[in-house]
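*Asks:* After the sequence you'll find the predicted model.
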Amino acid sequence: MAKISSMPASRSKILSKELVRAVKQSVKTAYAPYSKIRVGAGVLCKDGRIYTGSNIENSSYSLTMCAERIALFKALSEGERKFQVLLVYSPQIDFILPCGACLQVISEFAPNIMVVTMNKTAEFRFHPLKTLLTKPFIT
């Protein structure tokens, strides 16, 4: 298991070597020629399946897609609806957090998910989604 700094056992159980490895691997497929910030994300579903994504930038910057949304959309497109954890990682930024657009999308499909951020030395920070997006847009 990756290094988990002063974390209750219940939190460490949701972070498997497989999830950490998959997220670190996903960063390698990032396409970030503009920001130079590569991001990988992995969604751990209740059934144990992992879906990953990496950021894909576009010269028309508003058309860029974040790693978090790609991972979530991959899971949703495969019929997943029950999520435990979203792990986010960038080798350039320690403990990178999802952007506002990602938080809004995540809140619609996984309002009770735990967002976990990781640094290069595999230390983790845990953020219940509701602490990152306190007032989501609701229709």
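*Replies:* Thanks, I have the structure now. Residues are numbered from 1 along each chain as shown.
*Asks:* Every contact and neighbour count from this point should use C-alpha atoms.
*Replies:* Will do.
*Asks:* ok, so what distance separates Asn55 from Asp47?
*Replies:* 25 Å (CA to CA, to the nearest Å).
*Asks:* Neighbour count for the two, which is higher?
*Replies:* A direct count of neighbours by other CA atoms under 10 Å for Asn55 and Asp47 places Asn55 higher, at 24 against 10.
*Asks:* Report the contact partners of the more buried one.
*Replies:* Asn55 sits next to 27, 30-32, 38-40, 64-68, 70 when contact means CA atoms under 8 Å, 6 or more residues apart in numbering.
*Asks:* will you turn the residues you listed into TSV that also has neighbour count, secondary structure and pLDDT?
*Replies:* Formatted as TSV, the contacts of Asn55 follow (neighbours: other CA atoms under 10 Å; DSSP: H, G, I helix; E, B strand; the rest coil; pLDDT from 0 to 100):
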residue	neighbour count	secondary structure	pLDDT
Val27	23	helix	98
Ala30	20	coil	98
Tyr31	19	strand	98
Ala32	16	coil	98
Arg38	24	coil	98
Val39	29	coil	98
Gly40	27	strand	98
Thr64	14	coil	97
Met65	18	strand	98
Cys66	22	coil	98
Ala67	27	helix	98
Glu68	29	helix	98
Ile70	22	helix	98
